[in-house]
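J.: The sequence and its predicted three-dimensional model are supplied below.
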Amino acid sequence: MASIELGNLIYLVLLLVMVLTWFVAQNRQSLGKLAQQALAWGLIFVGVIAAIGVWDDIRQTLRPTQSVITETGQIEVPRAPDGHYYLTLLINDKPIDFLVDTGASEMVLTSADAERAGLSLNDLIYSGRAFTANGEVRTARVTLDSVELGQVLDRDVSAWVNEGEMEQSLLGMAYLRRWSRIEISDRALILTR
């Protein structure tokens, strides 16, 4: 510790002792109540410090985020509280949130996400049909200029736009097969290219 830091520390300790001495002298008639209040404030202080210390863990539990592990070429996707895996991909340089769905054959965009990615809904030809839990819907085949996940960039990726109501775009097996390995391990989905 440098001499200036030691001097600052001594000054702060003396200042704290002076303030505490004044405070005790002012409240000497009710020292029991003073001790209760000091204990309460001490516990509040410790609680705030503890909350700050575990904030990253709390935030990760409430809203897990995908991790890009570049040195190993992997993408780690934590399982969300609802049990699903969610990824954010850059589609034509626009961030689009996907539900990873290994039961879906294709990458399927909602109409809103397709527009956000720069696709004109008026130019789409809805010639396909998909059978969903909500019934049959019309779909339009599109080619996405770029799909980026972490450091991995794919060009001219085939996808479908769903004309019906969908809560979330789906990331199906047509895209997932581009990865050399898909693994579910310890509450995470790990994609390796």
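T.: Received, thanks. Numbering: from 1, shown residues only.
J.: contact partners of stretch 157-167?
T.: 106-111, 114, 119, 121, 124, 126, 128, 130, 132, 134, 137-144, 146-147, 174-175 (CB atoms under 8 Å, 6 or more residues apart in numbering). Heads up, the C-betas are built off the backbone N, CA and C, glycines and all.
J.: Apply 7 Å and report the result again.
T.: 106-111, 114, 119, 124, 126, 128, 130, 134, 137-144, 147, 174-175 (CB atoms under 7 Å, 6 or more residues apart in numbering).
J.: Now that stretch: average pLDDT?
T.: For stretch 157-167, mean pLDDT rounds to 87.
J.: Return the set of buried residues in it.
T.: The neighbour-count criterion (16 or more other CB atoms under 10 Å) identifies Val157, Ala159, Trp160, Val161, Asn162, Glu163, Met166 as the buried residues of stretch 157-167.
J.: Any idea how far apart the tips of that stretch sit?
T.: Separation of the first and last residues of stretch 157-167 by CA to CA, to the nearest Å is 22 Å.
J.: And the helices in the protein, which stretches?
T.: Remark: helices assigned in the chain by DSSP state H are 3-26, 31-53, 55-62, 111-116, 173-176.
J.: Now for the buried residues of stretch 157-167: which two are most distant?
T.: With CB to CB as the measure, no two of the buried residues of stretch 157-167 lie farther apart than Val157 and Glu163, at 19.8 Å.
J.: now stretch 73-86: how far from the chain's centre is it?
T.: Centroid separation for stretch 73-86 versus its chain: 9 Å, with CA atoms, centre = their mean, to the nearest Å.
J.: start to end distance for it?
T.: 19 Å.
J.: So which helix or strand of the protein has the lowest pLDDT on average?
T.: Least confident helix or strand, the chain: helix 55-62 with a mean of 60, by mean pLDDT, DSSP states H and E.
J.: What ranges in this protein fall below the confidence cut-off?
T.: Where the chain drops to pLDDT under 70, the residues are 1-2, 55-72, 133-134.
J.: now the end-to-end length of stretch 165-176.
T.: Criterion CA to CA; first-to-last residue distance in stretch 165-176 is 23 Å.
J.: Give me the buried positions along it.
T.: Buried-residue list, stretch 165-176, by 16+ other CB under 10 Å: Met166, Ser169, Leu170, Leu171, Gly172, Ala174, Tyr175, Leu176.
J.: Leu109 - how many residues pack around it?
T.: 27 (other CB atoms under 10 Å).
J.: list the contacts for it?
T.: Applying CB under 7 Å, 6+ apart to Leu109 gives the contacts Ala117, Ala159, Val161, Asn162, Ser169.
J.: Which ones among those map onto strands?
T.: Ala159, Val161, Asn162, Ser169 (DSSP state E).
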